[in-house]
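Q: here is my input, please return the structure:
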Amino acid sequence: MASPDELIPQIFDAVERVLPPKWRHATFRVWATVVAYQTELTVVMTDGSSPEVAPPAVTNLLAALREAMYQPGRGTWFSAAFLLRAGEEPEATFNYDQDPRWFPELPPVAFARDLAAFPRADEWIPEWLRRVLADAAAMVPAPED
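A: Residues are numbered from 1 along each chain as shown. So this is what the prediction gives:
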């Protein structure tokens, strides 16, 4: 399995390859579960304009990064931001605990499946995730007698 130190630069390289000439800064945002990925790329040019730029197709790298960053009992990240500034070192931040605020919202079962794939100890399940998991459990039909 590749390490985060190998995967993160590959993601930055993929983002940089889709950027137009004369970009000043770019933010690649990611929302992720084992069943769905959502990405968004915001670019600001040297003249202050902000063209629409399609994000790179890096779901395989993101999936590998979530797996590589999994901490037993702690889980893995739900969202991330990859920030590039021309002439500066890139930065990546990862959200393990806050509600990632998908739009549109994901069905609760997506988070239940994510927890099954990346288990968390009870003390590492944030309140928002507990509510979502309760909603997912309520959607499961009762077994027939």
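Q: what is the helix or strand of the chain with the lowest mean pLDDT packed up against?
A: Counting by mean pLDDT, DSSP states H and E, the chain has its least confident helix or strand at helix 127-139, which shows a mean of 91. With contacts taken as 3 or more C-beta pairs under 8 Å, 6 or more residues apart in numbering; DSSP states H and E, helix 127-139 sits against helix 108-117. Yep, even glycine has a C-beta here, placed from its N, CA and C like the rest.
Q: and the helix it packs on, what's buried?
A: For helix 108-117, the neighbour count (16 or more other C-beta atoms under 10 Å) marks 108-115 as buried.
Q: what does stretch 12-27 give?
A: Neighbour-count burial for stretch 12-27 [16+ other C-beta under 10 Å]: 12, 14-15, 18-19, 23-24, 26-27.
Q: now for those residues: which two are most distant?
A: Using C-beta to C-beta, the pair of the buried residues of stretch 12-27 lying farthest apart is 14 and 24, separated by 19.1 Å.
Q: what's the following helix or strand after the top helix by length along the chain?
A: For the chain, the longest helix by residue count, based on DSSP state H, is helix 4-18. Following helix 4-18 in sequence order, the next helix or strand is strand 23-32 (DSSP states H and E).
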